[in-house]
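Trainee: Sequence and predicted structure, then a few things I'm wondering about:
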Amino acid sequence: MSITNDNKFSDSPNLEDLRNSMQNFADERDWEQYHTPRNLMLAMVGEVGELSEIFQWTGEVTSEQVKNWDEKKRQHLGEEMSDVLLYLIRLADKCGIDLPAAASRKIIKNGEKYPATKAFGKSDKYTSYE
Ligand SMILES: Nc1ccn([C@H]2C[C@H](O)[C@@H](COP(=O)(O)OP(=O)(O)OP(=O)(O)O)O2)c(=O)n1
């Protein structure tokens, strides 16, 4: 069964473009000194908190409901997601992690851990498989 999704990401900028933009942003401000792995990780977690606040106390919401939020709220949502992504990209860069390559490898690993034959329609952790 395939699930259709009419949302598609833009081809550009890609993760390397964003890595480069964050590098320039930090260089232009002499912020390299603050962008240590630990600081970036903490900044990212802070932004995850800000993203969480958008969903705090709303109760469960469906994708369709979120897609119908007003433009101001949807823009806020995109900005908080972007802050998380940008700090993650910067963190990966400062740790020497090739993020798209690592994510691609992880998707393959996830597929091996959760074979569709065992996981289909079930959200159990793979450790529960016999
Ligand atoms: N030392 C810093 C500070 C900011 N940024 C960049 C990365 C984030 O995308 C964004 C975060 O900026 P703010 O800390 O001002 O956070 P918000 O944009 O979420 O603003 P606010 O906290 O007012 O909601 O700016 C950065 O790279 N390094």
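Mentor: That came in fine, so what should we check first?
Trainee: which residue packs closest to residue 50, ignoring adjacent ones?
Mentor: The shortest distance from residue 50 to any non-neighbouring residue, by Cβ to Cβ, 6 or more residues apart in numbering, is to residue 80 (5.0 Å). No exception for glycine: its C-beta is placed from N, CA and C like everyone else's.
Trainee: pLDDT on the top helix by length along the chain, on average?
Mentor: Longest helix in the chain by number of residues, with DSSP state H as the criterion: helix 71-94. Mean pLDDT, taken over the full extent of helix 71-94, equals 98.
Trainee: Could you list the low-confidence segments of this structure?
Mentor: Low-confidence regions of the chain, defined by pLDDT under 70, span residues 1-5.
Trainee: can you tell me which residues contact the residue positioned nearest the centre of the chain?
Mentor: With distances taken as Cα atoms, centre = their mean, the residue of the chain nearest its centroid is residue 85 (5.2 Å). For residue 85, the set of contacting residues under the criterion of Cβ atoms under 8 Å, 6 or more residues apart in numbering consists of residue 18.
Trainee: Would the longest helix of the chain count as contacting the ligand?
Mentor: Yes: Helix 71-94 reaches the ligand (Cβ under 6 Å from any ligand atom) through 83, 86-87.
Trainee: what's the closest of the residues you listed to residue 16?
Mentor: Within the set of those, residue 86 lies nearest residue 16; the separation is 13.4 Å, counting by Cβ to Cβ.
Trainee: Surely the closest one is in contact with residue 22?
Mentor: Yes: A contact is recorded between residue 86 and residue 22 when judged using Cβ atoms under 8 Å, the distance being 5.9 Å.
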